[in-house]
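Undergrad: Show me how the following folds:
(2 chains)
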Protein chains: 2
Amino acid sequence: MTDLITLGQRAQEAAGQLAVSPAVQRNAALSAIADALEQQAEQIISANRDDLAAGRSNGLSQALLDRLRLDQERISGIAASVREVIGLADPLGRVLETIVRPNGLKIEKVSVPIGVIGVIYEARPNVTADSAALCLKSGNAVILRGGKEAIRSNKAIAAAMREAVAGVGLPEDCICLVEDTGRESANQMMRLNGYIDLLIPRGGRGLIQSVVANSTVPVIETGAGTCHTFVARSADLAMAEEIVNNAKTSRPSVCNACECLLIQRDVAPAFLPRLAARLSAHQVELRGDAEVCRLLPQAVPATEEDWGKEYNDYILAVHLVADVDEAIAFIRRYGTRHSECIVTADADEAQRFLDQVDAAAVYWNASTRFTDGGEFGLGAEIGISTQKLHARGPLGLRELTSTKYRVYGSGQVR
Amino acid sequence: MTDLITLGQRAQEAAGQLAVSPAVQRNAALSAIADALEQQAEQIISANRDDLAAGRSNGLSQALLDRLRLDQERISGIAASVREVIGLADPLGRVLETIVRPNGLKIEKVSVPIGVIGVIYEARPNVTADSAALCLKSGNAVILRGGKEAIRSNKAIAAAMREAVAGVGLPEDCICLVEDTGRESANQMMRLNGYIDLLIPRGGRGLIQSVVANSTVPVIETGAGTCHTFVARSADLAMAEEIVNNAKTSRPSVCNACECLLIQRDVAPAFLPRLAARLSAHQVELRGDAEVCRLLPQAVPATEEDWGKEYNDYILAVHLVADVDEAIAFIRRYGTRHSECIVTADADEAQRFLDQVDAAAVYWNASTRFTDGGEFGLGAEIGISTQKLHARGPLGLRELTSTKYRVYGSGQVR
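TA: Next up, the predicted model:
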C-alpha cells in the first residue's frame, strides 16, 4: 500500500517552494513538460499499449478503450494543451483589494496558491497532463490518482513531467502520482486532511458522488449537468431551433449539453414539428409528456424518470409549460444548477429567468454548450463546478488560487 | 426526532424567495428583528433564566453560565449588532466581471446568495441573532443548531426573529431553529446535502473538528489560531514590546491572540527581560526552551507540547531562532495558518516573511489581534476561516455569497 502520508509530506514540501517561484520558472517547467511528452512519446505509447492489452483482456468496452488510447497525434495534442497554459496570465500575486484603515494599517488581499491539490479521475490519461499543467501554473503541487486502466500510461506521463520539472530547478514532487490504484488509496486521499488542501474529482457521477460522500478534505463538486432550454411564446423560432439543435447534438456526451426542452404551451404546435424534423438528422429520440406525444406521433412517452435525467446521448426530454414561472419552477425541481437557457424576445421575461434560475450559468438566447473555460475566455479549465462554495462554473487558473491578507503596520496595537 | 429534511425543504423554499428580495426588504427585516428582540426582552430573559437554572443543576461552570446569561443590557447589545448590519453594503447583485466575447456573447459574473447556510454552535445565545442577521442580509436562509444549554433562550430569540421576518413579507422559514439538540440532529445536518449548501461551525476546536470530520455538506473551517510573533534583530524593541503585549494580553481567549513568541537569538538578551517585566503586569507565564530559561530564570521549561499550542490564556511560549528563515520554518511546522507577525525594521526581511508565511493574515509591525472583520473594515463577521477554499480570514457578508454567470446572447451557437 502506498504510504500516502509520505507522499502528502513530499507534495506539501514541494508546494512551499512552488508557491514562491516566479512565473517565468513555472512557465519554463510547462514548456519543458510539453517537450518531454513529445520526446518520450515512444515510451508513453508503449506503456499505453500495455494498458490497452490489459484492458482488452479485462473486457473494457470499445468506448473506454478509445478514451484510453494514446497515439502520436493525441500526445501532440496533449503537449499543445500544456503549451497553451504558458500563455495564460499568471494567477498569483494579484492584489485583489487594498484597504487603508483610519489607524494607518494598510491591508492587501493577494492571490496565493491553494497548496496541494488532489485529483481523482478515471481512465483518460490526458487528464494526468492537463491537471498537472493547470496546478503547476497556479503554483499548486498536485497529487494525481487516476484509474487502474491507465496506470502504465500515467506512470510514463508522470515520469516525463517530473523529470522536466526538476530540469528547471523546481522540486519533482510538484507532481506526484499515486501508483497504487486500489480503492483504499482513493479513500486515504479523501481523508488526507493537513496534506491535501483541495480534492477535485474528474469523471462520472458515481466517482463524484463517492468523493463528496467520503471526503473530509474540502472538495469541489464538478460535472453533473442536466441542462434545460426553455422556448417561450415570443421566441424567434428559427433561433430557438438553432440553439436547441446545437445544445443537444453538437456533443451530447458532455455536461453542458441540453437534456430537457421546455416549451411554452401555445407555441408548441408551431415549434415541435420543425424541431423534430431538424433533430431527425441526428436520430435524436424525443421523450415527451402526453401533450407532446399528441403533437408528435413519433415521440416516446416520458416517465417521471426522464425529468432531471442526464442522458449524455441523442435523447431529449420534452415538457410543455404554461409560462416562464412554471419553467423556472420545473428547473428548480429537476435541474442540477449547471447551465440553463431561455429563448425569448421579451427582455422582461428573460431578466426574470436570469435572476430567478439558480445555476452556474444562465443563458438568454444562446446555447448552453458555451459553459466552458475556453469559451468564456478564462483559458483552460480543470472542470465545471456545480457547487456554490469557492467557485461556480468553469474552474480556470484563478479558481485554483486562494487569498492571503498582507498587513503593513508601523506599530499599531488594538 | 426533528425531521430535518422537512426543515431543509422549508428553508430551501424560503431561500428561493429571499434570493430575489430587494435590499430594502431585507433591511426592513433586520430592523424589525432588532425591535422585536428589544420588545420581547422579557420573554427572552425569562427563557434564559430557565436555561441558567437547568445549567446550574447540570453543573455548568461559572464561565459557561456567564456566557449563557442574557440581561436587558446584553439584549440591547444584540439588537444593536443587528442594526449595524443594516448599514453594511448589500453584497448581492454586484457585477464582479463583464466579459464580451468575439462572438458577441456578453457574460456577467454576479454575486448571488449561497442558498441555505447551516450554523452549528455552542452555548452563547447571541450567536443565534448574529448569524441570522448576517445570513438574512446576504440573502441566505439559515438553519441554526445551538447547544442544549441555550435551547430555551434560542427558541425565544428565534420566535421573535421569525415573527419579525414574516411581518415584512418574507417567509419566516428564512430563519429556522433545530429544536432537537441531541447529537443525532447535528449529525443529520452534516449530511443534509441537497438542502444545506454550506455549514459553518462556531465554537471550540472539538466542535469544529467533529464537523469537518463528519460532514458531507461543504464546510468552512473556522477558529483555531496558534499565532506567532517573530521579533527580528533589527526590530524597534519598544514597538516589539507593545505589539507582543497587545497580542498576548488584550484578550487572551480569542483566536487571534499571540500564543508563541519567536526571537532572533542575538536580540534575546536585550528584549526578553524588558518584555517579561512588561508582561508581569498580567502575570503572564512564560514557557521557554533551555536558552530562554537561562536568560530568564522565572521562565518555565517548555516541552514539545508547548509548540503549536493554543493556550487561550495568559501563557506565552518563547523560542529563539537564528534568523527569519528559521522563524518561517518554525511557523510552517507549528502554525495553524491563522495570523502571523514579524517585527522588524528591515523591509526585505519583512517582505520575505509576508511572502513565504502561509496564513490567512500576515503582519509586518502590527498586532495579530487585528484579524477581525470589523478591524479590517469588512463589517461584522460570522467567523474567521482558516481554510483555503472559498474564503480565508474574516468571513463577512461578501464571503456569504456565491456567483452566477448571466450570459446574454442573440442566437449564438457553438
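Undergrad: going forward, measure contacts between C-alpha atoms and count neighbours the same way
TA: Noted.
Undergrad: Tell me where chain A is predicted with low confidence.
TA: Low-confidence segments of chain A (pLDDT under 70): A:1-2.
Undergrad: if we go to 50?
TA: Across chain A, the ranges flagged by pLDDT under 50 are A:1.
Undergrad: by contact count, what packs against whichever strand or helix holds A:Glu73?
TA: Taking DSSP states H and E as the definition, one finds A:Glu73 inside helix A:72-86. Packing contacts for helix A:72-86, counted by 3 or more Cα pairs under 8 Å, 6 or more residues apart in numbering or on different chains; DSSP states H and E, involve helix A:23-39, helix A:41-57, helix A:126-137.
Undergrad: could you give the angle of that helix to helix A:126-137?
TA: 20 degrees (axes from the mean of the first three to the mean of the last three Cα atoms, to 10 degrees).
Undergrad: If you drop the residues flanking it in sequence, what lies closest to A:Ser253?
TA: Excluding the flanking residues, the one nearest A:Ser253 by Cα to Cα, 6 or more residues apart in numbering or on different chains is A:Asn312, at 4.1 Å.
Undergrad: on that earlier part again, okay, buried residues for the helix holding A:Glu73 please.
TA: Across helix A:72-86, burial judged by 16 or more other Cα atoms under 10 Å in any protein chain shown covers A:75-76, A:78-79, A:81-86.
Undergrad: Please report how far A:Thr344 lies from A:Asp325.
TA: Noted for A:Thr344: a distance of 14 Å to A:Asp325, by Cα to Cα, to the nearest Å.
Undergrad: Which of these two has more residues huddled nearby?
TA: Comparing A:Thr344 with A:Asp325 by other Cα atoms under 10 Å in any protein chain shown, the one with more neighbours is A:Thr344, at 22 against 15.
Undergrad: ok, that one - contacts?
TA: A:231-236, A:350, A:364-365 (Cα atoms under 8 Å, 6 or more residues apart in numbering or on different chains).
Undergrad: at 7 Å what do you get?
TA: A:231-232, A:234-236, A:350, A:365 (Cα atoms under 7 Å, 6 or more residues apart in numbering or on different chains).
Undergrad: Quick check: chain neighbours aside, which residue is closest to it?
TA: Excluding its sequence neighbours, the residue lying closest to A:Thr344 (Cα to Cα, 6+ apart) is A:Ala235, at 3.9 Å.
Undergrad: ok, now which ones touch that neighbour?
TA: A:Ala235 neighbours (Cα under 7 Å, 6+ apart): A:343-345.
Undergrad: With A:Gly194 instead?
TA: If you count contacts by Cα under 7 Å, 6+ apart, A:Gly194 has none.
Undergrad: related to what we said a few turns ago, next, format the contacts of A:Thr344 as CSV and append secondary structure.
TA: Shown next, in CSV, are these (DSSP: H, G, I helix; E, B strand; the rest coil):
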residue, secondary structure
A:Val231, strand
A:Ala232, coil
A:Ser234, coil
A:Ala235, coil
A:Asp236, coil
A:Ala350, helix
A:Asn365, strand
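Undergrad: which among the residues you listed gets closest to chain B?
TA: Chain B lies nearest to A:Asn365 out of the contacts of A:Thr344, by Cα to the nearest Cα, at 4.9 Å.
Undergrad: So the closest one versus B:Val219, what's the distance?
TA: From A:Asn365 over to B:Val219 the distance is 36 Å, taken as Cα to Cα.
Undergrad: go on, A:Asp173?
TA: 29 Å.
Undergrad: Pick out whichever of those two has more residues nearby.
TA: Between A:Asp173 and B:Val219, B:Val219 has the larger neighbour count (other Cα under 10 Å), namely 28 against 24.
Undergrad: Chain B contacts on chain A?
TA: The interface of chain A toward chain B, taken as Cα under 7 Å from any Cα of the partner chain, is made up of A:20, A:114, A:212-213, A:216, A:239, A:243, A:246, A:354, A:356, A:359-367, A:369-370, A:388-390, A:392, A:402-414.
Undergrad: Can you name the residues that contact the residue of chain A found nearest chain B?
TA: Taking Cα to the nearest Cα, chain B has its nearest neighbour within chain A at A:His390, 3.5 Å off. Residues counted as contacts of A:His390 (Cα under 7 Å, 6+ apart) are B:389-390.
Undergrad: what do you get if the cut-off is 10 Å, keeping everything else the same?
TA: By Cα atoms under 10 Å, 6 or more residues apart in numbering or on different chains, A:His390 lies in contact with A:219-220, A:399-402, B:388-391, B:399, B:401-403.
Undergrad: I'd like to know which of those are buried.
TA: Neighbour-count burial (16+ other Cα under 10 Å) applied to the contacts of A:His390 gives A:219-220, A:399-402, B:388-391, B:399, B:401-403.
Undergrad: Need the residues you listed in JSON lines (columns: secondary structure and distance to B:Leu65).
TA: Shown next, in JSON lines, are the buried ones among the contacts of A:His390 (DSSP: H, G, I helix; E, B strand; the rest coil; distance: Cα to Cα, whole Å):
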{"residue": "A:Val219", "secondary structure": "strand", "distance to B:Leu65": "38"}
{"residue": "A:Ile220", "secondary structure": "coil", "distance to B:Leu65": "40"}
{"residue": "A:Glu399", "secondary structure": "helix", "distance to B:Leu65": "44"}
{"residue": "A:Leu400", "secondary structure": "helix", "distance to B:Leu65": "44"}
{"residue": "A:Thr401", "secondary structure": "strand", "distance to B:Leu65": "42"}
{"residue": "A:Ser402", "secondary structure": "strand", "distance to B:Leu65": "39"}
{"residue": "B:Lys388", "secondary structure": "coil", "distance to B:Leu65": "35"}
{"residue": "B:Leu389", "secondary structure": "coil", "distance to B:Leu65": "35"}
{"residue": "B:His390", "secondary structure": "coil", "distance to B:Leu65": "35"}
{"residue": "B:Ala391", "secondary structure": "coil", "distance to B:Leu65": "33"}
{"residue": "B:Glu399", "secondary structure": "helix", "distance to B:Leu65": "32"}
{"residue": "B:Thr401", "secondary structure": "strand", "distance to B:Leu65": "34"}
{"residue": "B:Ser402", "secondary structure": "strand", "distance to B:Leu65": "37"}
{"residue": "B:Thr403", "secondary structure": "strand", "distance to B:Leu65": "41"}
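Undergrad: Thank you kindly, that will do.
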